[in-house]
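Chemist: Sequence and predicted structure below; questions after.
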Amino acid sequence: MAFESLASKLQATFQKLRGKGKLTEDDVKQAMREVRIALLEADVNLKVVKEFVEKVRERAVGSEVLQSLTPGQQVIKIVNDELTALMGGTQSRLAQAAKPPTVVLMVGLQGAGKTTTTGKLGLQLVKMQKRPLLVACDVYRPAAIKQLQVLGEQLKIPVFAMGDQVRPVEIAKAAIEHARVHGNDYVLVDTAGRLHIDDQLMQELKDLDEALHPSETLLVVDAMTGQDAVNVAESFHQQLQITGLILTKLDGDTRGGAALSVRSVTGCPIKYVGMGEKLDALEPFHPDRMASRILG
Ligand code: GDP
């Protein structure tokens, strides 16, 4: 389950605080030491942990907190607020172009879950009464084109493909024209993924970005890879204007380091999280709900 080990450690720490009638500055210090260790063990970025713990400590040792009737509860509330802020504060919704179709570029490394997530996002849009079109632009792996077509059939969402001999920019442009003619209001472009970030991949994504002016460029990263996911997000964001992140495989991520660090490190909002292999297992990301889940 997502955040399992972090959640149980933090809950144990706060259980102790809750039990105490009065808190001293030392109690808070001890609790913050435990929070720090729990976050580091969860693979949260070191700088993020330091800043987080310092912020909470500063607020928590304020006299109005320690002298209140329920100091333990107040400290937990502060942690809850700061965790929420760390993950972006409020929900960041999917953009919608003033004039349809809204073009969404899906980018990421191979294996992160990009193609599956493209299908899942299509399903979310269908549930919102939208008419998405999925576009197969990963021309280097014929299997990827087939994978998207199979997903489209399963989900009953149209897929636009032109095989693997046409340049991605041309495919995407033709797809947008197709969407205009057929009344598709969202165009989700599945781009090539590679094992590592390389110049050719980035150039191709930059070309797509320049040619299409997408409303969203969503980077799909695997939450289970922890700080690697954060580093991948940082590299992509330096080269492309990433507008949002989708963290996949959060269902298998007991630690939660990527989810807790990536917003603060990159400045990009997390828009969705993948919670399983099933095609309906994609959820809009709510920082406040996630914080509450962690604190139990
Ligand atoms: P791509 O190479 O980035 O396009 O990756 P795929 O879309 O082919 O996905 C790789 C694997 O990750 C597949 O087996 C997916 O079912 C799996 N996957 C994707 N998202 C999730 C998720 O949120 N949770 C879990 N458990 N598996 C996922």
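Modeler: Sure, I can see it.
Chemist: Could you pull up the mean pLDDT of stretch 177-190?
Modeler: Mean per-residue pLDDT for stretch 177-190: 98.
Chemist: got the CA coordinates for that stretch in CSV?
Modeler: Output in CSV follows, covering the C-alpha atoms of stretch 177-190 (Å, rounded to 0.1, in the frame of the first residue of the first chain):
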residue,chain,number,x,y,z
GLU,A,177,-6.7,17.9,-37.6
HIS,A,178,-8.5,14.6,-37.3
ALA,A,179,-9.7,15.6,-33.9
ARG,A,180,-11.1,18.9,-35.2
VAL,A,181,-13.0,17.2,-38.0
HIS,A,182,-14.4,14.4,-35.7
GLY,A,183,-15.1,16.6,-32.6
ASN,A,184,-12.6,15.1,-30.3
ASP,A,185,-11.9,17.7,-27.6
TYR,A,186,-8.8,16.2,-26.1
VAL,A,187,-5.8,14.8,-28.0
LEU,A,188,-3.5,12.7,-25.8
VAL,A,189,-0.2,12.1,-27.6
ASP,A,190,1.8,9.1,-26.5
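Chemist: Can you give the distance from that stretch to the centre of its chain?
Modeler: 24 Å (C-alpha atoms, centre = their mean, to the nearest Å).
Chemist: List the buried residues for that stretch?
Modeler: His178, Ala179, Asn184, Asp185, Tyr186, Val187, Leu188, Val189, Asp190 (16 or more other C-beta atoms under 10 Å). Bear in mind the C-beta positions are built from the backbone N, C-alpha and C, glycine included.
Chemist: Would you agree the last one is in contact with Ala144?
Modeler: Yes - counting by C-beta atoms under 8 Å, Asp190 does reach Ala144; the two are 7.2 Å apart.
Chemist: Any residue of stretch 98-117 touching the ligand?
Modeler: Yes - applying C-beta under 6 Å from any ligand atom, one finds that stretch 98-117 is in contact with the ligand at Gly108, Gln110, Gly111, Ala112, Gly113, Lys114, Thr115, Thr116, Thr117.
Chemist: Which strands or helices does the worst-scoring helix or strand of the chain on mean pLDDT pack on?
Modeler: Within the chain, no helix or strand scores below helix 63-66, which has a mean of 84 by mean pLDDT, DSSP states H and E. Helices and strands touching helix 63-66, by 3 or more C-beta pairs under 8 Å, 6 or more residues apart in numbering; DSSP states H and E, are helix 71-86.
Chemist: what sits up against the helix it packs on?
Modeler: The set of residues external to helix 71-86 that reach it, using C-beta atoms under 8 Å, 6 or more residues apart in numbering, is 10, 14, 17-20, 22-23, 28, 31, 35, 48, 52, 55-56, 59-60, 65, 68, 260, 263-264, 287-288, 290-292, 294-295.
Chemist: Let me know whether my guess that Arg289 is in a helix holds.
Modeler: Yes - Arg289: assigned to a helix according to DSSP: H, G, I helix; E, B strand; the rest coil.
Chemist: re the thing from before, what is in contact with Asp190 and Ala144 at once?
Modeler: Thr115, Ala136, Asp138.
Chemist: Strands - which of the residues you listed land there?
Modeler: Cross-referencing the shared contacts of Asp190 and Ala144 against strands under DSSP state E gives Ala136.
Chemist: Leu205 and Val189 touch, don't they?
Modeler: No - Leu205 sits out of contact with Val189 when judged by C-beta under 8 Å, with a separation of 10.2 Å.
Chemist: Overlap in contacts, these two.
Modeler: In contact with both Leu205 and Val189: Leu105, using C-beta under 8 Å, 6+ apart.
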